[in-house]
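# I would like to see how this sequence folds:
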Amino acid sequence: MHDLKPVLEEHPFFKGLKAEYLNFIVGCASNVRFKEGEIILREGDAADKFFLVREGKVALEINIPQHEPITVQTVAGGDILGWSWLIPPHFYRFTCRAIEETRAIILDGKCLRNKCEENHDLGYELLKRLAGVFTQRLEVTRKQLINIYEIERK
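Predicted coordinates:
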């Protein structure tokens with residue numbers, strides 16, 4: 001498992017994280033691959049996994065009854081998926097589908113939550129990093145809504 005530490009260190013989400021924190025969480029990590037079209041996370045399922053996307057592209061979709069899923073964002077290498085592992089009630093808010101072959105590091109969400117409970121400084125550091133992701137994703141959504149509103153006004 002310790003051979004994943006250099007991969008974690010290089011991923012933008014963990015870049016600059018103290019070595020002691022990386023040593024603490026590396027045991028929660030493993031490699032995973034997804035084929036094109038494969039569902040990675042399903043909206044409404046228990047959020048027990050967290051992904052660091054290394055390569056590939058993933059669509060974040062919302063499900064609407066009697067309608068095809070709507071892609072709200074596409075993420076790629078350097079991004080994350082599944083931040084709901086930290087936020088109660090721990091259910092995924094999106095379905096995530098690989099739109100091309102995707103390589104990622106999967107982290108066990110329950111393991112990470114336990115590590116954060118054991119070390120509140122680590123938990124705070126991860127929460128600050130996740131807040132940056134939340135902000136970025138909300139900004140993307142905001143821009144999409146503005147574009148939709150402008151199209152409908154014409």
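# pLDDT weak spots in this structure?
The chain contains residues with pLDDT under 70 at 1-2, 154.
# mind listing the strands for it?
With DSSP state E as the criterion, the chain has strands at 29-34, 39-41, 49-55, 57-62, 70-76, 80-81, 95-98, 102-108.
# Same list (these) but as TSV, adding distance to residue 139 and mean neighbour count.
Where C-beta positions appear, they are placed from N, C-alpha and C, glycine not excepted. Formatted as TSV, the strands of the chain follow (distance: least, CB to CB, whole Å; neighbours: other CB atoms under 10 Å):
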stretch	distance to residue 139	mean neighbour count
strand 29-34	26	16
strand 39-41	22	19
strand 49-55	19	22
strand 57-62	14	20
strand 70-76	11	15
strand 80-81	16	21
strand 95-98	19	21
strand 102-108	23	21
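# Relative to residue 4, which of those is closest?
strand 29-34 (4.9 Å; CB to CB).
# list the contacts for residue 137?
By CB atoms under 8 Å, 6 or more residues apart in numbering, residue 137 lies in contact with residue 73.
# separation between it and residue 15?
Separation of residue 137 from residue 15 (CB to CB, to the nearest Å) stands at 19 Å.
# which residues touch residue 44?
Applying CB under 8 Å, 6+ apart, the residues contacting residue 44 are 91-92.
# Show me the beta-bridge partners of residue 31.
On the basis of DSSP bridges, residue 31 is bridged to residue 105.
# about what we covered before: nearest to residue 147, out of the strands of the chain?
Set against residue 147 and scored by CB to CB, these come closest in strand 70-76, at 12.3 Å.
# Report the angle between the closest one and strand 102-108.
Taking axes from the mean of the first three to the mean of the last three CA atoms, to 10 degrees, one finds strand 70-76 and strand 102-108 inclined to each other by 90 degrees.
# for the chain, which residue is closest to the average position?
residue 81 (1.5 Å; CA atoms, centre = their mean).
# Contacts for stretch 108-126, please.
By CB under 8 Å, 6+ apart, stretch 108-126 touches 17-18, 21, 24-25, 27-29, 47-50, 82, 85-86, 90.
# Can you tell me which of those is nearest residue 147?
Looking across the contacts of stretch 108-126 and measuring by CB to CB, the closest to residue 147 is residue 82, at 26.5 Å.
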